[in-house]
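Give me coordinates for this.
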Amino acid sequence: MPRTNTPPTTKRSRRARRVVGALFGAAALAALSAVAAPTASAATDPVPTSWDHKYTAPGVTVYVTEYGDVVSVCDTAANGQPAIVGVSDSRGFRYSIQNYRGYRSCKTYRAGNAGSTTDLREGDWINLAYVGDGGRAWYADYLNDH
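Residues are numbered from 1 along each chain as shown. Sure thing, here's the model as predicted:
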């Protein structure tokens, strides 16, 4: 078989395509890394910004706004454990919020979000049990007077 020589211009265009493809790939990888990289800021408070109560324990913060019966649980530690809060009133256990979304994330329930169980009685003591490190639970209560 006779040997054929590839013209130099064809070799250069193939090499140029490979280089350009590699550059685009590297740029895309850098862009994805920048988007997926976690920020150095602390966990932000979920909306609304004015909370009636805030309870903190290792790996978890619970925010409460009485008007609208808003309860939010936030994961505040990169420990691989979910942030969980259980809510009860004089009728007994009402609901739990389990945040498996990971570090620096919050999950919020409002009255009516998950059915009638999230509508807490006015003038009642609301009891919270919360945990964020997979260890012991922490407890708090408040008078739902708004």
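
Thought residue 131 was touching residue 137, still the case?
Yes: between residue 137 and residue 131 there is a contact under CB atoms under 8 Å: 4.7 Å. (Glycine included, C-beta is placed from N, CA and C.)

Of these two, which one has the most company?
Between residue 137 and residue 131, counting by other CB atoms under 10 Å, residue 131 is the more crowded of the two (20 against 14).

distance of that one from residue 60?
Look at residue 131 and residue 60: by CB to CB, to the nearest Å, they are 6 Å apart.

what do those two both touch?
Residues touching both residue 131 and residue 60 (CB atoms under 8 Å, 6 or more residues apart in numbering) are 83-84, 138.

Can you tell me which of these has the most neighbours?
Neighbour max across these (other CB under 10 Å) = residue 83, 31 neighbours.

how about it, what does it touch?
Neighbouring residues of residue 83 by CB under 8 Å, 6+ apart: 59-61, 73-76, 98-99, 107, 130-132.

rerun that using 7 Å as the cut-off
59-60, 73-75, 99, 132 (CB atoms under 7 Å, 6 or more residues apart in numbering).

In CSV: those residues, plus pLDDT and secondary structure.
As requested, those are exported to CSV (pLDDT from 0 to 100; DSSP: H, G, I helix; E, B strand; the rest coil):
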residue, pLDDT, secondary structure
59, 97, coil
60, 98, strand
73, 97, strand
74, 97, strand
75, 97, strand
99, 97, strand
132, 97, coil
